[in-house]
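J.: give me a 3D structure for the following:
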Amino acid sequence: MPSPRLLVIEGNSPQTLAEHIAVGGTAAHQGYSNLLRELIPGAIVDTCHPGDPGATLPEGESLAGYDGIAITGSSLHVYDGGPSVNRQIELVRAALATGTPLFGSCWGLQVITAAAGGSVRKNPKGREIGFGRGIRLTEAGRKHPMYVGKLDVFNAPTVHLDEVEALPAGATVLATNAMSDVQSVEIRTNGSVAWAVQYHPEYPLREIAAIVRRIGTRLIEEGFFRDANDITTFAHDLDTLDRDPECKRLSWRHGISKNVLDKKLRVGEVANWIEFQVLPTRVKRGRG
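T.: Purely as a prediction, here's the structure:
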């Protein structure tokens, strides 16, 4: 049988990717691809970059050739429109017509929502940064395969300014918290199934540290940090915890729980997507 084939859709513009790498981060598509290869050894993982207006994108038949499609986070905003946003919505809409399983993180949730007919807005409660606290499974979420092995209430790496405003038809909310009514959702449309979360199960702590360094000025203006030294200290603490998850001093100081520090628990949603969506669909298509 051929190796599993997955596609990662990079949500960011080339400029944002360059800025993120410059502060020590990993490009979102690269981090996601590495995780998928870890979860499915031997998988072929392609990437595409619809946030780059000059990039060539896969179309219908080639999208159907993948066993799963994952969508990264992004600094873009659905409601701003423009070529970089609209190209992503159209690409995801085309993917939703193929029956190929989709998984979206943060921006991925938002662009899937828009492609399926829902809407996204700037969160009136403000930014959720660092860690989404008290994410609670709904009744549907407690029964859903995406959350097998997950606690009913948990924290997760998070950074977002926007949220789902109105869900499309065929959507079921799976998790919520005080900051956003939609922290995760299943969307069924055009014969396709998409699982999506507002947080980032794919992010190790070092990626949150890099994002904080990259957008630090905005975070000071929004009141999350006092000054640049405050940002440096926080980012350094996360980098230290990334290298040493057993550091009780820092996990206690920042209230970072085991479900974030333990990689297997943190990435559970993506692993469950592979187990319960990607691999079964692959078998149905006669590929595995």
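J.: now do the buried residues in stretch 62-76.
T.: Within stretch 62-76, the residues scored as buried using 16 or more other CB atoms under 10 Å are 63, 66-76. The C-beta positions use only the backbone N, C-alpha and C, and glycine is treated the same way.
J.: what's the first-to-last distance across it?
T.: Using CA to CA, to the nearest Å, the end-to-end distance of stretch 62-76 comes out at 26 Å.
J.: show me how far it is from its chain's centre.
T.: 11 Å (CA atoms, centre = their mean, to the nearest Å).
J.: cool, and stretch 223-232?
T.: Put simply, stretch 223-232 sits 25 Å off its chain's centre (CA atoms, centre = their mean).
J.: end to end, how far does that stretch reach?
T.: 15 Å.
J.: buried stuff in it?
T.: 224-225, 231.
J.: now swap in stretch 257-268 and tell me
T.: 259-261, 265-268.
J.: for stretch 280-287, same thing?
T.: Those would be 281-282, for stretch 280-287 by 16+ other CB under 10 Å.
J.: what does stretch 8-26 give?
T.: Going by neighbour count (16+ other CB under 10 Å), the buried part of stretch 8-26 is 8-14, 16-17, 19-20, 25-26.
J.: cool, stretch 51-64 as well?
T.: 51-52, 57-58, 63.
J.: closest one to residue 284 out of these, please.
T.: residue 63 (16.6 Å; CB to CB).
J.: and for the worst-scoring helix or strand of the chain on mean pLDDT, what's in contact with it?
T.: Here the helix or strand of the chain ranked lowest by mean pLDDT, DSSP states H and E is helix 60-64, holding a mean of 88. Helix 60-64 is contacted from outside by 7, 69, 94-95, 97-100, using CB atoms under 8 Å, 6 or more residues apart in numbering.
J.: again, 7 Å this time
T.: 94-95, 98, 100 (CB atoms under 7 Å, 6 or more residues apart in numbering).
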